[in-house]
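Trainee: Here's my sequence, what's the structure:
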Amino acid sequence: MAEGRRRRRAETAGRLAELATAILLSLKGYRVRARRLRTPVGELDLVARRGDTIAFVEVKLRRDRQLADEAVTPRNRRRLVAAAQWWLAANPEYVGYVLRFDIVLWVPWAWPKHVVDAFDSV
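Mentor: Here you go, the predicted model:
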């Protein structure tokens with residue numbers, strides 16, 4: 001029972017972090033194109049556009065900064081790249097845009113850390 005409750009709390013906190021990230025990006029001039037997008041190859045937390053740039057944004061909420069920094073593993077990156085490729089194939093109007101992968105890290109009692117162009121797609 002406690003495990004289920006902990007999981008629900010983590011899911012709720014993660015959704016709030018994603019919502020807060022969408023608001024943060026909007027304040028920075030981005031237009032959120034998709035939230036919590038499930039694809040056949042993985043989930044994209046946020047897809048946001050600003051000018052001619054499309055950012056695929058992964059949101060991580062952890063109890064401390066080190067855990068947050070380590071949260072996006074090589075396996076996560078491969079999944080994100082595959083999901084971004086799927087999204088781009090489904091949205092060909094964005095083919096000429098600059099594509100990048102951002103990470104927004106949330107830890108309690110600290111401002112979020114927006115890591116722009118956090119990793120390459122290769």
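
Trainee: What segments of the protein are strands?
Mentor: 31-39, 42-50, 53-61, 98-106, 113-119 (DSSP state E).

Trainee: strand partners of the shortest one, parallel vs antiparallel please.
Mentor: Looking at strand 113-119 with DSSP bridges, its paired strands and their directions are strand 98-106 (antiparallel).

Trainee: Okay, buried residues for the worst-scoring helix or strand of the chain on mean pLDDT please.
Mentor: Every helix and strand of the chain was ranked by mean pLDDT, DSSP states H and E. The lowest is helix 65-69, at a mean of 78. Across helix 65-69, burial judged by 16 or more other C-beta atoms under 10 Å covers residue 68. C-betas here are computed from N, CA, C, even on glycine.

Trainee: and what of stretch 68-86?
Mentor: Neighbour count says stretch 68-86 has 68, 72, 77, 79, 80, 81, 83, 84, 86 buried, by 16+ other C-beta under 10 Å.

Trainee: Give the residue spans of this structure that score low on pLDDT.
Mentor: 1, 122 (pLDDT under 70).

Trainee: the longest helix in this structure is where?
Mentor: When the chain is parsed with DSSP state H, its longest helix is helix 2-27.

Trainee: And that one, how far out from the chain middle?
Mentor: How far helix 2-27 lies from its chain's middle: 12 Å, per C-alpha atoms, centre = their mean, to the nearest Å.
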